[in-house]
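> this is the structure alone, sequence omitted:
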């Protein structure tokens, strides 16, 4: 449920262009709320102007990194 019709319409356009609807909806919703960007690990979503891709994020796994 959203109160932002414009975000939905914009997300539908992106969806028809091959993007994931949920990703597009989140990006447009945040953009219309004046967020500068929405960070993502998703390479495809990062192609949308509302997103910035997190690259080389220092993910550390294992007990020796705790």
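That came through, no problem. Keep in mind the model is a prediction, meaning the values are calculated, not measured.
> can I assume residue 43 is in contact with residue 54?
No: with contact defined as C-beta atoms under 8 Å, residue 43 does not reach residue 54; the gap is 10.6 Å. Every residue, glycine included, has its C-beta placed from N, CA and C.
> please say which of the two ends up with more neighbours.
Between residue 43 and residue 54, residue 54 has the larger neighbour count (other C-beta atoms under 10 Å), namely 12 against 9.
> wait, the more buried one sits on residue 42?
No: judged on C-beta under 8 Å, residue 54 makes no contact with residue 42 at a distance of 9.4 Å.
> what bits of this protein have low per-residue confidence?
1-2, 56-66 (pLDDT under 70).
> all the helices of it, in order from the start?
Listed in chain order, the helices of the chain (DSSP state H) span 5-16, 21-32.
> mind putting the ones you listed into TSV with distance to residue 47 and mean neighbour count?
As requested, those are arranged in TSV below (distance: least, C-beta to C-beta, whole Å; neighbours: other C-beta atoms under 10 Å):
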stretch	distance to residue 47	mean neighbour count
helix 5-16	10	15
helix 21-32	10	19
